[in-house]
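Novice: no sequence on this one, just coordinates:
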DNA sequence: CCGTGCGTCATCCTTTCGCATGATTTTGCC
DNA sequence: GGCAAAATCATGCGAAAGGATGACGCACGG
C-alpha cells in the first residue's frame, strides 16, 4: 500500500520532468498549452484512478481466513445484532459479495429495477444475481430469501 | 458508474479551461511552467483517486466478527409483549387483524397461494388482503411491506 | 332497519419475478 | 499467460404479484 504511493510519486515526478522537458521542444511551440495541460490531466487522472483502486480495494481479503474458526452456531437469526459478520456467514453459504449486496437491497424492499439503478447495473444483472443467491439459499421467492438470509445471519 | 464518469469529464474540462485561463494572468508570467504542470497533476491525481474510489471501491469494509453467539436472551419476552403491542401498533397503522396475519405469512416467505392454503382461503382473498395491507403501509411490494412492518413494530 | 367495517371471492389487466441459457468481460490466482 | 470464478448483460417465457373494480355475506351499533 505504501509502495504504490511511492511509485505514484516517483512516476509522477518523472512524468512531470519528462513533460516539462519535451514541451520546450515539441508541444508548446507547435500547439497551444492546452494540449500540454490535457496530456498531464489525462495522465495523472489515470494514475490517480490506479492509485485509488490499488489503495482502497484490498480490504476484506485478509479477514476471511481468520473468521471461520469462531462461528460455530449459524442459526441464531438474532433480533438486533446490528453488524453481523458478513464474510463468515457469506462464505459458509457460498454466496458472493455481490449477491449478498443485492440481497440486502432486496431485503430493503427494492425492486430489481431500483436495485439496478442503485448499483448502476442493468436489471438483468440484478435478476441473475438474485437467481443465484436464491438458489444458494434454497429460496424460490425474494421474501423467502430474505427470511433465510436472516436465519443464516447474512442479514441484520 | 456512468454518472461519475460524466461528472469527472465535466469537472475535468472545466478545470482545464479554468487553469488555462488563469495561467496567462498569474502563474506562467511569474513562475515557470513547472508550477502549472504540478498544479494540474495534483488536481487530476486527486480527482482520479476520487473517481477510482467512487468507481471501483464499493467493496465491503472490514467487519470484525462478533464472538458473542450463544446468548438466547431476547426471544421469550418478545412473544408476550408482542400480542399486546401487536394491537397497539396494528391500530396505529389502521391495519386489520386478518391483514396483519397475512402479512406475517408474507414475511415468512410464503407465496399468496401457500398463504391461501395455510389459512384455507382463496388466493384471491390473500391478494386482496395484501393489497389493502400494502396500501395502508405505503408499500408497493411485499418485501417493502415486510420492511415497513418491521419498522412499525408490526413484525418481529 | 340500515349503514359501516370486515372478510371473502372473482375477473381483467399490467407489471414484476423467477428460471433457463448463453455470451462477454473483469478479476484473482497459479 | 492462462485458468477459474465472478460479474455483467441479454432474451424469452411462464408464473407470480399487484392494481382496479365489483360483489356477497356477516356482525355490530345507532
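Specialist: Yep, that arrived. Keep in mind that what you see is a predicted model, and the values were worked out from it rather than measured.

Novice: which intervals of chain A have sub-threshold pLDDT?
Specialist: Where chain A drops to pLDDT under 70, the residues are A:1-86.

Novice: Let me know the secondary structure of the closest residue to residue A:149 other than its chain neighbours.
Specialist: Spatially, and ignoring its direct neighbours in sequence, residue A:149 is nearest to residue A:155 (4.1 Å; C-beta to C-beta, 6 or more residues apart in numbering or on different chains). C-beta here means a position set from N, CA and C on the backbone, and glycine is covered the same way. For residue A:155, the reduced secondary structure class is coil; criterion used: DSSP: H, G, I helix; E, B strand; the rest coil.

Novice: Same question for residue A:87.
Specialist: helix.

Novice: Residue A:149 is in what secondary structure piece?
Specialist: In this structure, residue A:149 sits in helix A:142-151 according to DSSP states H and E.

Novice: near DNA strand C, which residues of chain A show up?
Specialist: Counting by C-beta under 7 Å from any atom of the strand, the residues of chain A lying close to DNA strand C are A:57, A:61, A:111-113, A:127-128, A:130-131, A:134-135, A:140-142, A:145.

Novice: returning to what we had before: was I right to think the residue nearest to residue A:149 contacts residue A:102?
Specialist: No: the pair residue A:155 and residue A:102 does not pass the contact test of C-beta atoms under 8 Å, sitting 11.8 Å apart.

Novice: Give the residue from the two that has the larger number of neighbours.
Specialist: Taking residue A:155 and residue A:102 together and counting by other C-beta atoms under 10 Å in any protein chain shown, residue A:102 has the greater number of neighbours (27 against 21).

Novice: Which of the helices or strands spans that one?
Specialist: Residue A:102 is located in helix A:97-107, with elements delineated by DSSP H and E.

Novice: Just give the nearest non-adjacent residue to whatever residue of chain A ends up closest to DNA strand C, would you?
Specialist: Ranked by C-beta to the nearest atom of the strand, the top residue of chain A for proximity to DNA strand C is residue A:111, at 3.0 Å. Spatial nearest neighbour of residue A:111, chain neighbours left out: residue B:141 (6.0 Å); criterion: C-beta to C-beta, 6+ apart.

Novice: same check, this time on residue A:142
Specialist: Ranked by C-beta to C-beta, 6+ apart and with sequence neighbours excluded, the top spatial neighbour of residue A:142 is residue A:106, at 5.1 Å.

Novice: so what's that neighbour up against?
Specialist: A:115, A:130, A:142, A:145, A:146, B:143 (C-beta atoms under 8 Å, 6 or more residues apart in numbering or on different chains).

Novice: tell me which parts of chain A are close to DNA strand D?
Specialist: Of all the residues in chain A, those in contact range of DNA strand D (C-beta under 7 Å from any atom of the strand) are A:96-99, A:116, A:119, A:121-122, A:124-125, A:127-129, A:141.

Novice: rerun at 6 Å
Specialist: Proximity of chain A to DNA strand D (C-beta under 6 Å from any atom of the strand) is limited to residues A:96, A:97, A:98, A:99, A:121, A:122, A:124, A:125, A:128, A:129, A:141.

Novice: Is it correct that residue A:148 is in contact with residue A:140?
Specialist: No: under the contact definition of C-beta under 8 Å, residue A:148 does not touch residue A:140, with a separation of 10.4 Å.

Novice: Give the residue from the two that has the larger number of neighbours.
Specialist: For residue A:148 against residue A:140, the residue with the higher neighbour count under other C-beta under 10 Å is residue A:148, and the figures read 21 against 12.
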